[in-house]
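A.B. asks: Sequence and predicted structure below; questions after.
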Amino acid sequence: MRPYKRLPSLDVVKYMFRYDPQAGAFWNVSSGNRAEIPSGYNVVMIRWRNHRYTAARIAWLMAHGEDPGERTRVSYCDGDPSNLAIDNLYLSPVERKQNKKPTVDRYSWSEDFGDDDY
């Protein structure tokens, strides 16, 4: 799992983007252009200062005013990551995988035990 990256502050995000929670659409504040989802992509990413963030996390921040956090994932009710309407987004816990290595129990045989000991 990738290391967690905190989202930019809400003020920074609002300075860069406008978000319509009903339509799930983003606009670039400086250009006024609506952010389009490139065909073939299943998760919308937003780049800021050489970091990429899922648009769903940015949408959650803009709608609720807080970063979803390290232990939660923003999921999609309808399973469609391009549907960024706030009613389609919910938080689900992130289950961290344990890096368990298989263990082998080691047994040794001793010739000291003979049949006479029973």
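C.D. replies: It's in.
A.B. asks: In this structure, which residue is most central in space?
C.D. replies: Residue closest to the average C-alpha location in the chain (Cα atoms, centre = their mean): residue 73, at 4.7 Å.
A.B. asks: Checking it next. Helix, strand or coil?
C.D. replies: Per DSSP: H, G, I helix; E, B strand; the rest coil, the secondary structure class of residue 73 is strand.
A.B. asks: just checking, it touches residue 95?
C.D. replies: No. Residue 73 sits out of contact with residue 95 when judged by Cβ atoms under 8 Å, with a separation of 9.4 Å. Using the backbone N, CA and C atoms, a C-beta is placed for each residue, glycine as well.
A.B. asks: For the protein, name the helix or strand with the lowest mean pLDDT.
C.D. replies: One helix or strand of the chain scores below all others by mean pLDDT, DSSP states H and E: strand 45-48, with a mean of 74.
A.B. asks: And the helix or strand just after that strand, what does it pack against?
C.D. replies: Per DSSP states H and E, strand 45-48 leads on to strand 51-54 as the next helix or strand towards the C-terminus. When contacts are defined as 3 or more Cβ pairs under 8 Å, 6 or more residues apart in numbering; DSSP states H and E, strand 51-54 packs onto strand 45-48.
A.B. asks: Note down every partner strand of the strand it packs on and its orientation.
C.D. replies: strand 51-54 (antiparallel) (DSSP bridges).
A.B. asks: If anything else comes up later, I'll come back, but that's it for now.
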